[in-house]
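1. okay, here's the prediction I keep looking at, along with the sequence it came from:
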Amino acid sequence: MSDLTLTHSTSSDGSTLKISAAGRLAIDTAPALHSLLLEQSSQAANIQLDLSAVDEIDLVGMQLICSACRTALDAQKHFNFSGCMAPEVKKAIDTVGLQRQSTCKHNADLPCIWCGGIN
Amino acid sequence: MSSPQEQHIATYREEASELLAELETSLLELEDNPQDNDLINRVFRAMHTIKGSGAMFGFDDIARFTHEVETVFDQVRNGKMQVTRCLLDLTLQARDQITTMLEASAGGPPADEANGQRIIDGLQQLLPQATKLKVEPVAAAPAPAPSAEADTSRTYRIRFKPQPEIMLSGTNPISLLNELRDLGSCEVMAHLDAIPSLEQMIPEHCYFYWDIILTTTRGIEAIKDVFIFVEDDCDLKIDLIDDANAPDADSGYKKLGDILVERGDLSPVEMQKILSMQKRFGEILVEQGLVPASKVQSALIEQQQVKQARQERTTAAPAAAEAALSIRVPAERLDHLVNLVGELVTVQAHLTQIAGNRHDNEISAVAEEVERLISELRDTTLNMRMLPIGSTFSKFKRLVRDLSAELGKEIDLETTGAETELDKTVIEKLNDPLVHLIRNSIDHGVEMPEIRKAAGKPTKGIVHLAAEHSGDSVLVTIRDDGAGLDKEAIRAKAVERGLITTTTEMTDKEIYNLIFAPGFSTAKKVTSVSGRGVGMDVVKKAIEALRGTIDINSTPGKGSLITLRIPLTLAIIETLLVRIDQSYFVLPLTMVEECIELTRTDVQAAHGRHLAHVRGELTPYINLRDEFEITTNQPDIEQIVILSVNGKRIGFVVDDVVGEHQTVIKTLGKLYRDVRGISGATILGDGTVALILDPALLVQSVALIEQEQFG
């Protein structure tokens, strides 16, 4: 299994932060994404996370993304996925038991981003 | 008839034996992957169950002893102790001790208590200083009750809330969820409300918690077992919410409000207030912020799952319950059944014969139908006795581990085809020959690490054990990457023993085959493992007794390959029935290639040599008439049945080929045991006895006689 590779870019007006994660997002690699989110997300109003190249994700990775999402939503920002969801991530959604999150109180009771919700 | 208690004890013995086998496999795997938490858990759980059920059924000594070992592994799973070679050695010895104790309880020789104490003392010494084992009586600890109880499905609601730090000790909550999924139909709903903001988050902490609705036949103890290692690291609440035996089990399930109140997510007062409004209950709860949406969703999942479970029970319950059942049957009963089927096959042959003689279409039709049914019955019965050979393979892992350590060698045992099925009796009889062969590979085959290194090989040798189906046989191969057989040493030893002369010309294969001579050993010193020269001839005899063959191949410096070809079953085989004058013989059908005619003219044309022209090729044949000294009524035209014997086409001359025949094998009496070329007998429909020929041995004995005659 590969390690985690993170790349990020900000749109020219500074409003959109795009982060791409590739490889293994797990207990030993997730802290890097945590730090990146803390450093970069304060300025942007839109955060887009691309998980299409993730080949493994565990509980720690999933809850970190949940936390990033609700932190953004509580600050009236948008947090969404971009790109196709990698099959490993789709599988993890079922395994962790996130497939029935039909509402999220941080997202005005709309579906959770894991279940196709957008904000 | 034995009492229920006796039956439970018998069940415990069987289950404990299975657990001990599993324990051994897990320990050996753990040796290769000492950090694997799943394996540590498996070891712990096996011991825990042996202990718990043992105490429940009065095996107090086993429970007490296992408790001590379990306690040590408790330290391991808590990360307070490392898995070491020494720990595994002692645990394997403990496993053997438990096996002996179990056998002692069934009338075997008593277990050596001093040995048990030595193992416990050894284990105690491995414990960290701060930990001290207390010898305490073991209560009937929770353990899965032997199967009798587990025949109805129940639905449980499990709220599993791990402590935030749970993952720091190496526990992965997801693997626990997966273990629950293995127990039955499972709906998992994660709750996210404890997830903090990014600033407050410690990534390695666990913020998820779960509601799990599980419908299982395995009972609450099986669920508790899943959480056995994390019970101190989580809040766990398991409630039985649906029981097939409960009086209201088949009515509709509870209303959403009742579920939420029962879970403690909603107060009864709030529920009454909401009920007075005319809207969907769940929507109002969420609207009013009384219960988070995820909790309502989770309760709805419960409602749905139980309703579904109840519906399935009412519609498809009987079939589903039957499908899940399996029955333990004592082996003797199966043997008896196979014998009866054997008798039935004989009687059916008689019926077919009578029907054929009378030329009565009605009887013939019935006879054919009976034949078809009996053939199906035969296959089903024989299949029931089939077991995967893997159970034997796992024993050898231990053998290789212990022997290689004793000899100071580094050897891995690799296995493939463990799922290959063979008749139970064959597997049992194959055990000893395989032990001999593997011992030989370890002792004579694989070299010492320093010699291997000098020869440019990896220091760790490999013994590869494989099984695969091949027609009506199973091929079992034992391959090592050792030094190979020493042709010169074998030759020298054979000359010394007078088996051959210094001038005898032999092919490599013939030289290798010399090692099967009685009392033959080239080992330079006698070790406890091998070298007493009582191995290979015994192995060959044992394999031949199974109607199998053994073949040996070797490349100097690269290793040896021993191939055993073993028939799938010892009970009934498909054969070709042949006749010589008034005597009947059968030949294994799988070896038969073709049948051709042999006329007097052909014999004369060959000038007395036993060779037949078959499509331009010369095929040697054996005249069975001569072999069995039958002199009367020789027909003008005889038949040659051409068989493939050890890869060569050899003909067997008979008077007449009667046809295919299902042969129920009967062993010959002790007096005839050493007759070469005949492996047994069978009874034909009219009561005539036909001898079962062993073509390979017949060819060998004819070759030997010719060698003696012509030098």
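-> That came in fine, so what should we check first?

2. flag every residue of the stretch 151-300 of chain B that's near chain A.
-> Contact residues, the stretch 151-300 of chain B versus chain A (C-beta under 8 Å from any C-beta of the partner chain): B:167, B:172-174, B:177-178, B:188-190, B:192, B:195-199, B:201, B:203-204, B:206-208, B:210, B:212, B:286, B:292-294, B:297. Just so you know, the C-beta spots here come from the backbone N, C-alpha and C atoms, and that holds for glycine as well.

3. leaving out the residues flanking it, which one is nearest to the residue nearest to the spatial centre of chain A?
-> When C-alpha atoms, centre = their mean is applied to chain A, the residue found nearest the centroid is A:Ile65 (4.0 Å). Closest residue to A:Ile65 apart from its sequence neighbours, by C-beta to C-beta, 6 or more residues apart in numbering or on different chains: A:Leu49 at 6.7 Å.

4. who does the biggest strand by length in chain A pair up with?
-> When chain A is parsed with DSSP state E, its longest strand is strand A:46-57. Applying DSSP bridges, strand A:46-57 is found paired with strand A:16-25 (parallel), strand A:78-82 (parallel).

5. low pLDDT regions in chain A?
-> By pLDDT under 70, the weakly predicted segments of chain A are A:1-2.

6. quick one: name the residues of it near chain B.
-> When proximity is defined by C-beta under 8 Å from any C-beta, chain A lies next to chain B at A:27, A:30-31, A:34, A:37-38, A:41, A:58-60, A:62-64, A:66-68, A:70-71, A:74, A:95-98, A:100-105, A:109, A:112.

7. helix or strand: which one has B:Asp121?
-> Per DSSP states H and E, B:Asp121 falls inside helix B:113-126.

8. residues in contact with that helix?
-> If you take C-beta atoms under 8 Å, 6 or more residues apart in numbering or on different chains as the criterion, helix B:113-126 is touched by B:65, B:68-69, B:72, B:81, B:84, B:86-87, B:90-91, B:93-94, B:97, B:101, B:133.

9. centre of the chain to it, how far?
-> From the chain centre to the centre of helix B:113-126 is a distance of 32 Å (C-alpha atoms, centre = their mean, to the nearest Å).

10. hang on, the earlier thing: which ChimeraX command selects the buried ones in the contacts of helix B:113-126?
-> Buried subset of these, written as a ChimeraX selection, criterion 16 or more other C-beta atoms under 10 Å in any protein chain shown:
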select /B:65,68,69,72,81,87,90,91,93,94,97,101
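
11. any idea which helix or strand in chain B has the lowest mean pLDDT?
-> Within chain B, no helix or strand scores below helix B:293-324, which has a mean of 69 by mean pLDDT, DSSP states H and E.

12. hey, where'd the helices end up in chain A?
-> Ranges of helices in chain A, per DSSP state H, are A:30-40, A:59-74, A:87-96.

13. which residues touch the second one?
-> What that stands for is helix A:59-74. Contacts for helix A:59-74 (C-beta under 8 Å, 6+ apart): A:25-27, A:30, A:33-34, A:37, A:41, A:47, A:49, A:54, A:78-79, A:92-93, A:96, A:98, A:104, A:106-107, A:113-114, A:119, B:167, B:172-174, B:192, B:195-199, B:201, B:203-204, B:206-208.

14. number of residues surrounding B:Asp636?
-> 8 (other C-beta atoms under 10 Å in any protein chain shown).

15. who's in contact with it?
-> Residues near B:Asp636 by C-beta under 8 Å, 6+ apart: B:Thr599, B:Arg600.

16. got phi/psi on it?
-> phi -70, psi -40 (degrees, to the nearest 10).

17. could you list the domains of chain B?
-> Using the TED database, the domains assigned to chain B come out as B:4-126, B:154-243, B:331-386, B:400-523+B:532-567, B:572-710.

18. got the end-to-end distance for the shortest one?
-> If I follow you right, that is domain B:331-386. 11 Å (C-alpha to C-alpha, to the nearest Å).

19. try stretch A:74-88
-> Its start and end residues considered, stretch A:74-88 measures 28 Å (C-alpha to C-alpha).

20. so which bits of it are buried?
-> By neighbour count with 16+ other C-beta under 10 Å, stretch A:74-88 contains the buried residues A:Lys77, A:His78, A:Phe79, A:Phe81, A:Met85, A:Ala86.

21. specify the local secondary structure of B:Thr215.
-> strand (DSSP: H, G, I helix; E, B strand; the rest coil).

22. so it touches B:Arg154, yeah?
-> Yes: B:Thr215 lies in contact with B:Arg154 (C-beta atoms under 8 Å); the separation is 7.3 Å.

23. give the intersection of the neighbour lists for these two.
-> Counting by C-beta under 8 Å, 6+ apart, the contacts common to B:Thr215 and B:Arg154 are B:Asp242.

24. what helices or strands is whichever strand or helix holds B:Leu20 leaning on?
-> Element membership for B:Leu20 (DSSP H and E) is helix B:4-32. Secondary-structure packing of helix B:4-32 (3 or more C-beta pairs under 8 Å, 6 or more residues apart in numbering or on different chains; DSSP states H and E): helix B:37-56, helix B:85-105, helix B:390-407.

25. from those, which stretch is densest packed?
-> helix B:37-56 (a mean of 23; mean count of other C-beta atoms under 10 Å in any protein chain shown).

26. before we move on, back to that, out of the residues of the stretch 151-300 of chain B next to chain A, which are inside helices?
-> Using DSSP H, these in helices are B:Pro173, B:Ile174, B:Leu177, B:Asn178, B:Val286, B:Ala293, B:Ser294, B:Gln297.

27. out of these, who's nearest chain A?
-> Set against chain A, the nearest of those by C-beta to the nearest C-beta is B:Ala293 (3.9 Å).

28. how near is the closest one to B:Asp193?
-> Distance, B:Ala293 to B:Asp193, using C-beta to C-beta, to the nearest Å: 10 Å.

29. could you do B:Gly685 as well?
-> Distance of B:Gly685 to B:Asp193, given as C-beta to C-beta: 79 Å.

30. cool, B:Glu18 as well?
-> As judged by C-beta to C-beta, B:Glu18 and B:Asp193 stand 43 Å apart.

31. same question for B:Leu373.
-> Per C-beta to C-beta, B:Leu373 is found 65 Å from B:Asp193.

32. ok, now which ones touch the residue nearest to A:Gly117 when sequence neighbours are not counted?
-> Spatial nearest neighbour of A:Gly117, chain neighbours left out: A:Pro111 (3.5 Å); criterion: C-beta to C-beta, 6+ apart. Contacts for A:Pro111 were tallied using C-beta under 8 Å, 6+ apart; they are A:Gln101, A:Ser102, A:Thr103, A:Cys104, A:Gly117.
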